[in-house]
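Trainee: Give me a 3D structure for the following:
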Amino acid sequence: MRQMAIDFVKVAKTEDIPLGGSKLVEIDAVRVALFNLDGEIYAIEDVCTHDGGPLVEGKVVNGCQVQCPRHGARFDIRTGAALSFPAFEPTGTFTVRVENGDVWVQRPA
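Mentor: Here you go, the predicted model:
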């Protein structure tokens, strides 16, 4: 993966993430789940804050939420906010840039 600027990493092509779909990437040993919501790409940390479940494997519901496949906690894909029990804490989010069909994600701090 080539670095775009000091803190962005090229992780995928837009065609790698179909509408309503997701893709798992890893940046500096951090698992990042990419989601395509109506043509807009979002990136959240691939971890349910309840028990560490893989959010990239979850079902997208209500247009902008991902439901953890383990215990059903829901998170807002756009903000990382925890929306339902058993999760209380938000998951991390990352800034995304799309340029010429390439998806760039902010390097985790």
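Trainee: wait, doesn't I44 sit right on A82?
Mentor: No: if you go by C-beta atoms under 8 Å, I44 and A82 don't touch, sitting 11.3 Å apart. Glycine gets a C-beta too; all of them are placed from N, C-alpha and C.
Trainee: okay, the two: which has more neighbours?
Mentor: I44 (24 against 19; other C-beta atoms under 10 Å).
Trainee: helices or strands up against the helix or strand that contains the more buried one?
Mentor: Taking DSSP states H and E as the definition, I44 sits inside strand 40-45. If contacts are counted by 3 or more C-beta pairs under 8 Å, 6 or more residues apart in numbering; DSSP states H and E, strand 40-45 sits against strand 30-37, strand 93-94, strand 96-99, strand 102-106.
Trainee: rerun that using 7 Å as the cut-off
Mentor: Here strand 40-45 touches strand 30-37, strand 93-94, strand 96-99, going by 3 or more C-beta pairs under 7 Å, 6 or more residues apart in numbering; DSSP states H and E.
Trainee: by how many degrees do that strand and strand 102-106 diverge?
Mentor: Taking axes from the mean of the first three to the mean of the last three C-alpha atoms, to 10 degrees, one finds strand 40-45 and strand 102-106 inclined to each other by 40 degrees.
Trainee: Just the buried positions in strand 40-45, please.
Mentor: Buried residues in strand 40-45, counted by 16 or more other C-beta atoms under 10 Å: 41-45.
Trainee: Now flag whichever of these is closest to E15.
Mentor: I41 (11.4 Å; C-beta to C-beta).
Trainee: Which pLDDT value does the model give the spatially closest residue to the closest one that is not a sequence neighbour?
Mentor: In space, and not counting its chain neighbours, I41 is closest to V96: 5.0 Å by C-beta to C-beta, 6 or more residues apart in numbering. Per-residue pLDDT puts V96 at 98.
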